[in-house]
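Asker: 3D, please:
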Amino acid sequence: MPVGLRSRLLSKTGPAILLTATSVGAGDILTGSLAGAEAGIAVVWAVPAGVFLKWTLNEGIARWQMATGATLLEGWMTRLGWIQWPFLAYLLLFTLVVGGMLSSACGVAGAAVLPFGDLDRSRFLWGAIHSLAGLALVWLGGYALLKRVLAICVGSMFFTVTLTAFLLAPDWMEVARGLAPSIPASGAGWVAALIGAVGGTVALISYGYWIREEGRSGEQGLRDCRFDLLLSYAVIGLFGIAVVIIGSRVRVSGQGAGLAVLLADQLGASLGPAGRWIFLAGFWAAVFSALLGVWQSIPYLFTDFVWLRQGRGIAQRGQIDVGRSLPYRACLVLMSTIPLALLRWPVQQLQLAFGITGAMLLPLLAATLLIMNNRRDWVGRKFRSSLAMNTVLVAALLLFAWMGWGEMAQAFRKWRIG
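Answerer: Okay, here's the model as predicted:
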């Protein structure tokens, strides 16, 4: 492919690549495979439902930014100032938890391919190696290099996982029937889990910084955002459907990132050694691309918060290289090292903590978008949310609030039992 065409393609799809990479990880694989194993292919419709809700949230974030030139975080701090301190506390907690969870998941993937001694030792060593490799790639390469690396990771992830699902030769008519909404016996919880798991959490806020890197604005910018959001969530949706199919075709139980190794072994028994290695390659690509995306995006959020508190956010500082700033690099180093202490935690506890913290943000996103994108004096008539968009946001707000409450109640019960 000519260099010029490749550069234009990466510019057009760069935010979609980063969003896909950051939104898909160990949580999607674990939730999807367990849902398929426990509730069957009948719950597969929850994947496109979740994708549609996340697309609506992200379209609302892009709509706000194209209308005002301000990121969602800047809008929160200038228009809804009370949010800033709860959000900072949330961001710090999420950074600690997601850093530990992604390092642990990468450790599991590395240990499955090349173990160093016992499983726990291998997970710790590979987790630290992946975390520091992510630090080096983001520190040295910045946004441009990361787009290229993640394009390879996302392509590998999508190809290997969907190939695995295809090789299992599912009943495609049954899969088609599963796309019609229905809730099988004991399937309500899995439907909710799939809708919540697919499509990421903090990645939605980070999307605004990636589209700023591409210089998007106005109505044309919103059209470009809708295109790459459609592309990204199509890949995420197909990936999620493939994982549910895989779970429905192999018999697995349990929880935690170690389930991926069990899945790989089961696939090896069904498809031979090639099936095991194909799935492990997809799992590794999913978790490492998620780690790279998070390592790039959270320092951006933190830097913008610090600079906005000083009176001039990223948008007001012109063409400054954010990736070389002190707040960005300090956050990057800290999130690549401090969460490694959590590698001593059981994988199940890390997954549970990640699920809870992720569920806490989505209702806030839906509620604030309903406020911000319906103020004509803030976004103007052309960018104001339509009745259809508002209806979906209200549904998302109610659903994510219910799911978040359920996650916290479940965690409290487990804490009392433990």
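Asker: name the element residue 215 belongs to?
Answerer: Under the criterion DSSP states H and E, no helix or strand holds residue 215.
Asker: gap between it and residue 229?
Answerer: Separation of residue 215 from residue 229 (C-beta to C-beta, to the nearest Å): 17 Å. (C-beta placed from N, C-alpha, C; glycine too.)
Asker: okay, now the unreliable bits of the stretch 1-150 of the chain?
Answerer: Low-confidence segments of the stretch 1-150 of the chain, defined by pLDDT under 70: 1-12, 26-27.
Asker: and the helices in it, which stretches?
Answerer: For the stretch 1-150 of the chain, applying DSSP state H, counting those that start in this stretch gives helices covering 3-23, 26-39, 46-68, 72-79, 84-113, 119-167.
Asker: show me the contacts for the spatially closest residue to residue 25 that is not a sequence neighbour.
Answerer: What sits nearest to residue 25 in space, not counting adjacent residues and going by C-beta to C-beta, 6 or more residues apart in numbering, is residue 290, at 3.5 Å. Counting by C-beta atoms under 8 Å, 6 or more residues apart in numbering, residue 290 touches 21-26, 102, 105.
Asker: one more pass at 7 Å, please.
Answerer: By C-beta atoms under 7 Å, 6 or more residues apart in numbering, the residues touching residue 290 are 21-22, 24-25, 102.
Asker: cool, residue 137 as well?
Answerer: Counting by C-beta under 7 Å, 6+ apart, residue 137 touches 145-146, 149, 292.
Asker: hang on, residue 163 packs against residue 278?
Answerer: Yes: under the criterion of C-beta atoms under 7 Å, residue 163 makes contact with residue 278 at 6.1 Å.
Asker: what about the two, which has more around it?
Answerer: For residue 163 and residue 278, the more surrounded residue by other C-beta atoms under 10 Å is residue 278, and the numbers stand at 20 against 16.
Asker: run a quick neighbour tally on the closest residue in space to that one that isn't next to it in sequence.
Answerer: In space, and not counting its chain neighbours, residue 278 is closest to residue 160: 5.0 Å by C-beta to C-beta, 6+ apart. A count of nearby residues for residue 160, using other C-beta under 10 Å, gives 20.
Asker: any idea how far residue 122 is from residue 160?
Answerer: Going from residue 160 to residue 122 by C-beta to C-beta gives 22 Å.
Asker: so for the helix or strand encompassing residue 333, mean pLDDT?
Answerer: Per DSSP H and E, residue 333 falls inside helix 326-337. Averaged over helix 326-337, pLDDT sits at 96.
Asker: if we can go back for a sec, more neighbours, residue 215 and residue 229?
Answerer: Remark: of residue 215 and residue 229, residue 229 carries more neighbours, 22 against 8, as counted by other C-beta under 10 Å.
Asker: the inter-axis angle of the strand or helix carrying the more buried one versus helix 119-167?
Answerer: Per DSSP H and E, residue 229 falls inside helix 218-249. Interaxial angle, helix 218-249 versus helix 119-167 (axes from the mean of the first three to the mean of the last three C-alpha atoms, to 10 degrees): 100 degrees.
Asker: roughly how far is the very next helix or strand once past helix 218-249 from the heart of the chain?
Answerer: Per DSSP H and E, the first helix or strand lying C-terminal to helix 218-249 is helix 259-271. Its chain's C-alpha centre and that of helix 259-271 lie 24 Å apart, by C-alpha atoms, centre = their mean, to the nearest Å.
Asker: any buried residues in helix 259-271, and which?
Answerer: 259-261, 263-268, 270-271 (16 or more other C-beta atoms under 10 Å).
Asker: hmm, back to that, the helices of the stretch 1-150 of the chain: which one's closest to residue 308?
Answerer: Of all those, it is helix 72-79 that lies closest to residue 308, at 5.0 Å by C-beta to C-beta.
Asker: which parts of that closest one are buried?
Answerer: 72-77, 79.
Asker: got it, and stretch 148-159?
Answerer: Burial within stretch 148-159, assessed by neighbour count using 16+ other C-beta under 10 Å, is assigned to 149-151, 153-154, 156-158.
Asker: was I right about residue 315 contacting residue 72?
Answerer: No: look at residue 315 against residue 72 with C-beta under 7 Å: they stay out of range, at 11.9 Å.
Asker: from residue 48, how far out is the nearest residue to residue 228 once chain neighbours are set aside?
Answerer: Nearest residue to residue 228 in three dimensions, chain neighbours excluded: residue 16, at 3.5 Å (C-beta to C-beta, 6+ apart). Using C-beta to C-beta, one obtains 17 Å as the distance from residue 16 to residue 48.
Asker: could you do residue 204 as well?
Answerer: The gap separating residue 204 from residue 48 is 18 Å, by C-beta to C-beta.
Asker: what's the burial count for residue 306?
Answerer: Using other C-beta under 10 Å, residue 306 has 17 neighbouring residues.
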